[in-house]
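Asks: build me a model:
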Amino acid sequence: MKGDRVLIDTSVWIEYFKNKNAKLSEKVDHFMTFSDVCVPKVVIAELIQSAKSEKEISVLEEFAETFTVLDQSDDTWLKAGKISFSLKKKGTTVHIIDCYICVIASENNCKIFSLDEHFKSIKKFTKLELVI
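Replies: Numbers count the residues shown, from 1 in each chain. Have a look, this model is predicted:
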């Protein structure tokens, strides 16, 4: 059985697929070996959206089958909206998709690995665990 559950965000996968950052690639490879790597459906959608060809889309579809794919619960979007509202009241604006990913991670006991600075803002006001 693998260790911790790690949700890997779109920003990390994009850099990983570019294969230009050896340190990041080593970290992702480590997680793929020793952790339960989780990918929310929204991350898969974001990756497909940025594909440059039908072949890339096919590769991404196969890629998605390799990991634990996370789906939302009945109130995931409601929780995401509440986080966004709470952050906004504190003077921090964060994209709703990032709030959604935070909720998905929480609902599935995942740490988040992302290059997106917004998650650091969310972490200040929630129990979000980030992989650094």
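
Asks: need the pLDDT of Lys120.
Replies: The score at Lys120 is 87. That number is its pLDDT.

Asks: same question for Val131.
Replies: At Val131, the model reports a pLDDT of 86.

Asks: and the residue nearest to it when sequence neighbours are not counted, how far from Ser35?
Replies: Spatial nearest neighbour of Val131, chain neighbours left out: Phe113 (4.0 Å); criterion: C-beta to C-beta, 6 or more residues apart in numbering. Yep, even glycine has a C-beta here, placed from its N, CA and C like the rest. Phe113 sits 9 Å away from Ser35, going by C-beta to C-beta, to the nearest Å.

Asks: comparing those two, which residue is more hemmed in?
Replies: Using other C-beta atoms under 10 Å as the criterion, Phe113 and Ser35 rank with Phe113 on top: 23 against 18.

Asks: picking up where we left off before, quick one: the residue nearest to Val131 and Phe119 touch, right?
Replies: No: applying C-beta atoms under 8 Å as the test, Phe113 and Phe119 come out as separate, 9.4 Å apart.

Asks: would you map the strands across the chain?
Replies: 5-8, 36-40, 68-70, 110-113 (DSSP state E).
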